[in-house]
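> Have a look at this prediction, sequence included:
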Amino acid sequence: MSLYVKGLVQKEYEKCFQGVGSFVVLQTRGLKGVDNNRMRGELKQKGIRMMVVCNSLMCRALDGLGMSDAGVLFQTGPCTIVYGGDSAVDAAKIVAPWIKKLKVMSFKGAFVEGQVLDARMAEQLTVMPTRGELRSQIVQLALAPGSRLAGTLAGAGSLIAGCLKTLIESKEKEAA
């Protein structure tokens, strides 16, 4: 590849990964074309992108984007980057069933919010809750004390109302 073409490819990588803060790196050597196309189609439907990259050019692009620490993930073998969704957790969760199904694929690592993760840690992303799930858990935790208080007040209020009703009925019977 000529120096000019390498420069164009590097600029394209920089353009594609501008604003991407998290991604998962896979080893996909031996992946068949039909499986590749099926996986890419499913990923695209879920808003996840997959790109096979040239390691040296990707390292240069990452340097240009201020993510030079991630270059360590592109030292050996062919690399495929999976990114998109809310975070790398989404990408890892969607790719995990494909890795189990297609034995030729494996996690090489991940880059999450400025931190480089090794293959084992990247695989652990698949069991973490997504950003949406974390938000719902936080909302539930925030609402829990209020709902408990309302339940307690309603329970005490209904108990008092029941007692008052019994007193009123007994007084009505005595008056009658």
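Yes, it's here. Keep in mind that this is a model prediction, so the values were computed, not measured. Numbering: from 1, shown residues only.
> Which stretches in this protein count as helices?
For the chain, the helices defined by DSSP state H cover 3-16, 33-45, 55-64, 88-101, 119-124, 131-175.
> Relative to the whole chain's centre, how far out is the last one?
Going back to what we said before, that points to helix 131-175. Centroid separation between helix 131-175 and its chain, computed with Cα atoms, centre = their mean, to the nearest Å, is 38 Å.
> picking that back up, in a markdown table, list the helices of the chain along with mean neighbour count and distance to residue 27.
C-betas here are computed from N, CA, C, even on glycine. Listed next are the helices of the chain as a markdown table, based on neighbours: other Cβ atoms under 10 Å; distance: least, Cβ to Cβ, whole Å:
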| stretch | mean neighbour count | distance to residue 27 |
| --- | --- | --- |
| helix 3-16 | 14 | 19 |
| helix 33-45 | 13 | 14 |
| helix 55-64 | 19 | 12 |
| helix 88-101 | 20 | 10 |
| helix 119-124 | 16 | 9 |
| helix 131-175 | 10 | 26 |
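> Redo these as a markdown table? Include mean pLDDT and distance to residue 108.
Below are the helices of the chain laid out as a markdown table (pLDDT from 0 to 100; distance: least, Cβ to Cβ, whole Å):
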| stretch | mean pLDDT | distance to residue 108 |
| --- | --- | --- |
| helix 3-16 | 88 | 17 |
| helix 33-45 | 89 | 16 |
| helix 55-64 | 89 | 11 |
| helix 88-101 | 88 | 11 |
| helix 119-124 | 86 | 6 |
| helix 131-175 | 75 | 23 |
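> nearest to residue 112, of those?
Residue 112 lies closest, by Cβ to Cβ, to one member of the helices of the chain: helix 88-101, at 4.8 Å.
> Contacts for the closest one next, please.
22-24, 26, 39, 42-43, 46, 48, 82-85, 105-107, 110-112, 122-123, 125-126, 128-131 (Cβ atoms under 8 Å, 6 or more residues apart in numbering).
> Show me which of these are buried.
22-24, 26, 39, 43, 48, 82-85, 105, 107, 110-112, 122-123, 125-126, 130 (16 or more other Cβ atoms under 10 Å).
> In strands, which of these fall?
Of the positions in the buried ones among the contacts of helix 88-101, 22, 23, 24, 26, 48, 82, 83, 84, 107, 110, 111, 112 sit in strands, assigned by DSSP state E.
> For the fifth one, give the beta-bridge partners.
Partner residues in beta bridges with residue 48, using DSSP bridges, are residue 84.
> what does the second one give?
In this entry, residue 23 is beta-bridged to residue 111, by DSSP bridges.
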